[in-house]
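This is the structure alone, sequence omitted:
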DNA sequence: TATTGTTATACTCTATAACTATA
DNA sequence: TATAGTTATAGAGTATAACAATA
C-alpha cells in the first residue's frame, strides 16, 4: 500500500492550491477561514481556546483577529468572569461571509473527491472525521 | 459533515508530529524520507523529476541531495544522453536506511488509523490513494 | 505563582530571480 | 532559445521569550 503520509501531503497540497483562490475571492485567508469556521460551529470562550481548536499559534491569532475585527466579521469581548480572557464570536456579517465561502469551498471539496462514488465519498468523509478526532 | 480541509489538516499535523521524532531517530528529515521513498519505488531520471514526484522545490532539493549523497545514501550521475541531467538512485546503504525507517513509520501510520477497523483501514488507504492520484 | 493576551525577536521555510552548462 | 542544475536573495511563515494585566 502507498505511503499514507505521501498521499495525505499530496491531497492537502492540491486542496490548498484549489481553495486558496476561492477564499481570496471571498476576502479570506486560509487561517481566516479556519477561524470563522470554528466560530461558526461555536463561539470561543477565549483566544487560546480558538487557537487550539484550529491548530494555530496563539501569538499569530492576535493579528488575524485584529484584521477580522476591523472588517467587522468577529467581535472580541472581555469575559466578565475572567477579565484576562476575551470571548470571540462571529458578527452577522461574519456569519454571512463564512456561509458564502463555505458553499464555494464545498464545491472544491466535492471536486477533490471526484474519483470516489457518492457512497464512497460519504464513507470517506466519515472515516476521515473519525481519524481526525482520534477516537 | 465536518470540514474536509480541517480534518485533513489536523490529521497531517498529528502524523507529522508523530513521525518527526521517529525519522530523526533514523537520521532523516521529513523531506529526506520522502525523497528516499520515491527513489526506493523507482530511481529518478532527473532531479527535476524527483522534485516533482515528491512535491518539493527543485532549488531546495539540491541541498537535500547534497546531504544524502554525503551520507552515502544516494548517488547522482550525469545522464550520458543529456549531460545537463543528473540521474539519482539509492545506494545499498540508502535502501537499508529507507527500509528501516519505513518499518517504523508504518507503525505510526497504523496507530493513527487506530480508530478504524482493519477492514476500514484497508478501504481508507485505498480511497486515499485514489484521491491522491486524482483518478 | 500561574494564565491570558500581547509584543518583539530570531529563526526556518519557501518563493523568485539570475547564472552556468548543456541542448 | 530552452532546459537542468545551481546559487543568492528576499519574503512569508513559524517558534521563542518576555512583558502587563488578571487570577
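Cool, the structure landed. In this text the structure is predicted, and so the values were computed from the model without any measurement.

what's near enough to touch the most centrally placed residue in chain A?
Centroid-nearest residue in chain A: residue A:34, 2.1 Å away (criterion: C-alpha atoms, centre = their mean). Counting by C-beta atoms under 8 Å, 6 or more residues apart in numbering or on different chains, residue A:34 touches A:54, A:56, B:5-6, B:9. Any C-beta I mention is one placed from the backbone N, CA and C, and that applies to glycine too.

Name the nearest residue to residue A:129, sequence neighbours excluded.
The shortest distance from residue A:129 to any non-neighbouring residue, by C-beta to C-beta, 6 or more residues apart in numbering or on different chains, is to residue B:2 (4.6 Å).

And the residue of chain A found nearest DNA strand D, its phi and psi?
Closest to DNA strand D within chain A is residue A:83: 3.4 Å, counting by C-beta to the nearest atom of the strand. As for residue A:83, its main-chain torsions (degrees, to the nearest 10) stand at phi -70, psi 0.

Lowest-scoring secondary structure element of chain A by mean pLDDT?
Within chain A, judged by mean pLDDT, DSSP states H and E, the helix or strand with the poorest mean is helix A:4-25; its value is a mean of 94.

show me the contacts for residue A:64.
Residue A:64 touches A:29, A:31-32, A:35, A:56, counting by C-beta under 8 Å, 6+ apart.

Please report which of the residues you listed has the highest neighbour count.
The member of the contacts of residue A:64 that has the most neighbours, counting by other C-beta atoms under 10 Å in any protein chain shown, is residue A:35 with 28 neighbours.

could you check the distance from it over to residue A:75?
As judged by C-beta to C-beta, to the nearest Å, residue A:35 and residue A:75 stand 13 Å apart.

Check residue A:101 too.
19 Å.

Next, the angle from the least confident helix or strand of chain A to helix B:4-25.
Orientation check (axes from the mean of the first three to the mean of the last three C-alpha atoms, to 10 degrees): helix A:4-25 against helix B:4-25 gives 140 degrees.

Give me the mean pLDDT for the following helix or strand past helix A:4-25.
Next along the chain after helix A:4-25, taking DSSP states H and E as the criterion, comes helix A:30-41. For helix A:30-41, the mean pLDDT works out to 97.

Is the helix or strand following helix A:30-41 in proximity to DNA strand D?
Later in the chain than helix A:30-41, the nearest helix or strand by DSSP H and E is helix A:47-54. No: judged by C-beta under 7 Å from any atom of the strand, helix A:47-54 stays clear of DNA strand D, getting no closer than 10.4 Å.

Let me see the contact set for residue A:65.
A:35, A:47, A:74, A:76, A:88.

Please name the residues that touch residue A:62.
Per C-beta under 8 Å, 6+ apart, neighbours of residue A:62: residue A:47.

helix or strand for it, which one?
Counting by DSSP H and E, residue A:62 is part of helix A:58-70.

Just give me how far that helix sits from the chain centre.
Here helix A:58-70 is found 14 Å from its chain centre; the criterion is C-alpha atoms, centre = their mean, to the nearest Å.
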